[in-house]
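# here is a sequence together with a model predicted from it:
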Amino acid sequence: MSDFYTFITGASSGMGETTAKLLSQSRNLLLSGRDEKRLASVAESCSVNGNKVEIFPYDLENCQGLAADLKSFLSGKKLKIDEFAHFAGMTEVMPMSKTTYKIGIQVMNVNYFSATEIISTLLKRRTNADALKKILLISSIVANAGKICQPHYCASKAAINALVKALAYELAPNIRINAIAPGSFKTRIMETLFYDPDAEWNPPTLLAPGTTEDIAKTARFLFSNDASYITGQIIAVDGGEGIMRL
Ligand SMILES: NC(=O)c1ccc[n+]([C@@H]2O[C@H](COP(=O)([O-])OP(=O)(O)OC[C@H]3O[C@@H](n4cnc5c(N)ncnc54)[C@H](OP(=O)(O)O)[C@@H]3O)[C@@H](O)[C@H]2O)c1
């Protein structure tokens, strides 16, 4: 068993949680989220597979201290991260006329700047000893299609897409970076958009509604050697929802 870890943010819920559980069959994991209770419960489920599981509870809205805190956590625990997946995400629901700079910064910090702070930390030789090999970011089909009343969210996901392309150049050939762009999935973030969790879930797709397993299996593929020639890509996992919006 290797001593390297897959670091997953947003592991306390939804897609990140399902991905953590799937990868726990073969990987040591470092799991991050805000809700410590849910994070600990996911970590407990992941540890039944015999691999090591650590947790790093953190509110990524405050990403100013993130680099220093992560650096000291990794050196304290003597962990090396070779795979990083950024699932953490939040959205706002309001028209541009009502939004504020503060809300914009909050969304950009959680969805975008926390990822850049983590990647930058993991690239530092003294912190992570050139261990980082694969990065997976989570975009959205709304980065291209747009969505009403989520201006900062759409912009943050478009920033993720641009970052993937920019870093694919910078980090090749040693590190691969890709993003998954999900369509509509029934997870907790959807409750922010006022979806009734008990109502029938019927997103406009060409296929049946997707599940978080569809995202987790794509994440596992992108981290696997079967994807060794894939970098700089934004992979839509949306049952065709994106092409229906063209
Ligand atoms: N569901 C969809 O239809 C959809 C579509 C396109 C893209 N996405 C993207 O997919 C990713 C995963 O979302 P999901 O659908 O799985 O939703 P989810 O169940 O709500 O999960 C969101 C995760 O982000 C974490 N998070 C939110 N704010 C945070 C903060 N301030 N600091 C640290 N962690 C924070 C949450 O942690 P806590 O719960 O511990 O706070 C949770 O683990 C997100 O990036 C989202 O934008 C989702």
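Yep, that arrived.

# can stretch 33-42 be said to contact the ligand?
Yes. Using C-beta under 6 Å from any ligand atom, stretch 33-42 reaches the ligand at 33-35, 38. (Glycine included, C-beta is placed from N, CA and C.)

# top of the residues you listed by neighbour count?
Highest neighbour count within the residues of stretch 33-42 next to the ligand: residue 33, with 28 neighbours (other C-beta atoms under 10 Å).

# list the contacts of the nearest residue to it once chain neighbours are set aside.
With sequence-adjacent residues excluded and distances taken as C-beta to C-beta, 6 or more residues apart in numbering, residue 33 is closest to residue 12, at 2.8 Å. Contact analysis of residue 12 by C-beta atoms under 8 Å, 6 or more residues apart in numbering lists 31, 33-35, 38-39, 42.

# contacts only, for the residue most central in space within the chain.
Using C-alpha atoms, centre = their mean, the residue of the chain that lies closest to the mean C-alpha position is residue 87, 1.9 Å off. Counting by C-beta under 8 Å, 6+ apart, residue 87 touches 8-11, 14-16, 19, 138.

# give me the subset of these lying in strands.
8-9, 138 (DSSP state E).

# thinking again about what came up before, roughly how far does the residue nearest to the centre of the chain sit from the ligand?
For residue 87, the distance to the ligand equals 4 Å [C-beta to the nearest ligand atom, to the nearest Å].

# cool, and residue 4?
From residue 4 over to the ligand (counting by C-beta to the nearest ligand atom), the distance is 23 Å.

# element containing the nearest residue to that residue once chain neighbours are set aside?
Of all residues not flanking residue 4 in the chain, residue 82 sits nearest, at 4.1 Å (C-beta to C-beta, 6+ apart). Using DSSP states H and E, residue 82 maps to strand 80-86.

# most neighbours among the ones in strands among the contacts of residue 87, which one is it?
Among the ones in strands among the contacts of residue 87, residue 8 has the most neighbours (other C-beta under 10 Å), with 31 neighbours.

# mind checking how far the helix or strand of the chain with the lowest mean pLDDT is from the chain centre?
The weakest-scoring helix or strand in the chain, judged by mean pLDDT, DSSP states H and E, is helix 189-192 (a mean of 86). Distance, stretch centre to chain centre, for helix 189-192: 16 Å (C-alpha atoms, centre = their mean, to the nearest Å).

# do the same with stretch 29-44
The answer for stretch 29-44 is 14 Å, by C-alpha atoms, centre = their mean.

# what's the straight distance from one end of that stretch to the other?
Taking C-alpha to C-alpha, to the nearest Å as the measure, stretch 29-44 stretches 11 Å from start to finish.

# then stretch 44-56?
First-to-last residue span, stretch 44-56, C-alpha to C-alpha: 14 Å.

# what of stretch 21-33?
15 Å.

# how about it: buried residues?
21-24, 27-33 (16 or more other C-beta atoms under 10 Å).

# between the residues you listed, which is nearest the ligand?
residue 33 (3.4 Å; C-beta to the nearest ligand atom).

# surely the closest one and residue 16 touch.
Yes. Residue 33 lies in contact with residue 16 (C-beta atoms under 8 Å); the separation is 7.4 Å.
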